[in-house]
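K.L.:
Coordinates for the following, if possible.
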Amino acid sequence: MDFKELYKSIKAGILDLVKERFDEESSLIKNDVDLFLEQSKDKLERWVLLLNQGAITPTEFELLLQSQKDLLIIQTLEKAGVSKIKIGLFKNAAIKLIVSKAVTLIL
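P.N.:
Numbers count the residues shown, from 1 in each chain. I've put the predicted structure just below:
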C-alpha cells in the first residue's frame, strides 16, 4: 500500500467534489481543503495503516474520520453565504470519499 498515492487520490477526489458541489467558489476553497488534509495527514496515515493491518474495520475507520470532520472548516463557503447544512453535507461526502478510496485500495 502506497500512502502517498492514496493521499494524492484523496486530495484529487475531494477537489473534484468541491468543483461538483460549489462550482463558482471551488478555486477559493482549495486552500481550506489543503489545510484540512495537511492537519489530518498523520492521523490519516496511521488509521490507513491500522485498516490495512486489519486492526480496525472500515466502519471504525469511518468513525475515526468523522472525529476529524470539524477540522474541515470551510471559511470561504461560510463567507460566501453557503448554508451550514450544505457545508455539512459536503463534509460527510468528503469523509465517505476518503473511506471508499482507502477501503478500495486495501481490500
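K.L.:
middle-most residue in the protein, spatially?
P.N.:
The structure's the chain has its C-alpha centroid closest to Ala94; by CA atoms, centre = their mean the separation is 4.3 Å.
K.L.:
Tell me the spacing between that residue and Glu20.
P.N.:
According to CB to CB, to the nearest Å, Ala94 stands 11 Å off from Glu20. Every residue, glycine included, has its C-beta placed from N, CA and C.
K.L.:
what does Lys91 give?
P.N.:
Relative to Glu20, and taking CB to CB, Lys91 is found at 14 Å.
K.L.:
between these two, who's got more neighbours?
P.N.:
Legend: neighbour count by other CB atoms under 10 Å for Lys91 and Glu20, higher for Lys91 (19 against 11).
K.L.:
Give the residue spans of the protein that score low on pLDDT.
P.N.:
1 (pLDDT under 70).
K.L.:
Helix, strand, or coil at the spatially most distant residue from the centre of it?
P.N.:
Going by CA atoms, centre = their mean, the residue of the chain most distant from its centre is Gly81, 21.8 Å out. With DSSP: H, G, I helix; E, B strand; the rest coil as the basis, Gly81 sits in coil.
K.L.:
So what does it have for phi and psi?
P.N.:
phi 90, psi 10 (degrees, to the nearest 10).
K.L.:
any idea how far Leu63 is from Leu51?
P.N.:
12 Å.
K.L.:
hang on, the earlier thing: how about the contacts made by the residue nearest to the centre of the chain?
P.N.:
Ile14, Leu17, Leu72 (CB atoms under 8 Å, 6 or more residues apart in numbering).
K.L.:
Fine by me, we can end here.
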